[in-house]
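Q: Just to be clear, the model below is a prediction. Sequence and coordinates:
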Amino acid sequence: MSFPDPADYIDIHTHHGVLLPGRDVFSVISLMAHEEALPVPLPGIAYTTGIHPWYLSDSSYGDQIAGVAEAAAEGSVIAIGEAGFDRIKGPDPAFQRKAFEDQVRIAGEHDLPVVIHCVRAWDELLGAHKRLRPSRPWLVHGFRGNRDLAAQLLSKGMYLSFWFAFIIRPEAGKLIRSLPRERIFLETDGSGADIRDIYEKVSADLAVTVPGLKNIIYGNYMDLFAKV
């Protein structure tokens, strides 16, 4: 398994696998089962693997979930996901629930966290957490909610990674200052954003240096992903 260096910028969730040499960026690449991409061990890269709710399909579900189970055994895969619930775009809620529970089961079998995609289905997510009682924390990616929602998720032991376009807004500073630093991550998702710019903004919001923010997020990474 590849691990970040404390001096790295950690991009905890990205769909872009092409890195420029010497960027000092450690990227966690999200592999989606419908793309049939395989994790390739490389320096500076780790992977998550899962079935995004947008791409759930009755006809291909068997192959998709089998692919997730196979990839989960690879040493470069650090989490299952992104998986979850979407009330705007996605199939029947019952199908989403089954797919999510199957992926949480696989995560448990491999002692892995789960990376969450959730859109307007927070009650479903919180209900699943109560019902499934996962042994490892979940990481909610692309978070752009309010302080009350953040508090609910944090109370369940979850981590939050902020949606890139939300966290660079001026008003996001108040939210991130109100949250425990030991539960935060930053990401570029599928955008062309530069994770270094996001670190600059958040370090200013938190009144810490960029190296200080790197140390915070590195510690969070090791707490969540490094197995004891």
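A: Nice, I can see it.
Q: in the chain, which spans are helices?
A: 61-72, 93-109, 122-132, 147-155, 164-167, 172-177, 195-206, 210-225 (DSSP state H).
Q: Any chance of JSON lines for these, columns mean neighbour count, mean pLDDT and distance to Leu42?
A: C-beta: built from backbone N, CA, C; applies to glycine. Below are the helices of the chain laid out as JSON lines (neighbours: other C-beta atoms under 10 Å; pLDDT from 0 to 100; distance: least, C-beta to C-beta, whole Å):
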{"stretch": "helix 61-72", "mean neighbour count": "18", "mean pLDDT": "96", "distance to Leu42": "15"}
{"stretch": "helix 93-109", "mean neighbour count": "18", "mean pLDDT": "98", "distance to Leu42": "23"}
{"stretch": "helix 122-132", "mean neighbour count": "15", "mean pLDDT": "98", "distance to Leu42": "32"}
{"stretch": "helix 147-155", "mean neighbour count": "14", "mean pLDDT": "98", "distance to Leu42": "31"}
{"stretch": "helix 164-167", "mean neighbour count": "18", "mean pLDDT": "95", "distance to Leu42": "23"}
{"stretch": "helix 172-177", "mean neighbour count": "16", "mean pLDDT": "96", "distance to Leu42": "31"}
{"stretch": "helix 195-206", "mean neighbour count": "17", "mean pLDDT": "97", "distance to Leu42": "17"}
{"stretch": "helix 210-225", "mean neighbour count": "17", "mean pLDDT": "98", "distance to Leu42": "17"}
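Q: nearest to Glu187, of these?
A: helix 164-167 (6.1 Å; C-beta to C-beta).
Q: what's the nearest residue to Glu109 once chain neighbours are set aside in contact with, if anything?
A: Among residues not flanking Glu109 along the chain, Ala72 sits closest, at 7.5 Å (C-beta to C-beta, 6 or more residues apart in numbering). Residues counted as contacts of Ala72 (C-beta atoms under 8 Å, 6 or more residues apart in numbering) are 49, 80, 106-107, 109-110, 112.
Q: rewinding a little: and the helices of the chain: which comes nearest Pro53?
A: helix 93-109 (5.1 Å).
Q: If you count contacts, what does the closest one end up packed against?
A: Helix 93-109 is packed against helix 61-72, strand 77-86, strand 114-119, helix 122-132, with contacts defined by 3 or more C-beta pairs under 8 Å, 6 or more residues apart in numbering; DSSP states H and E.
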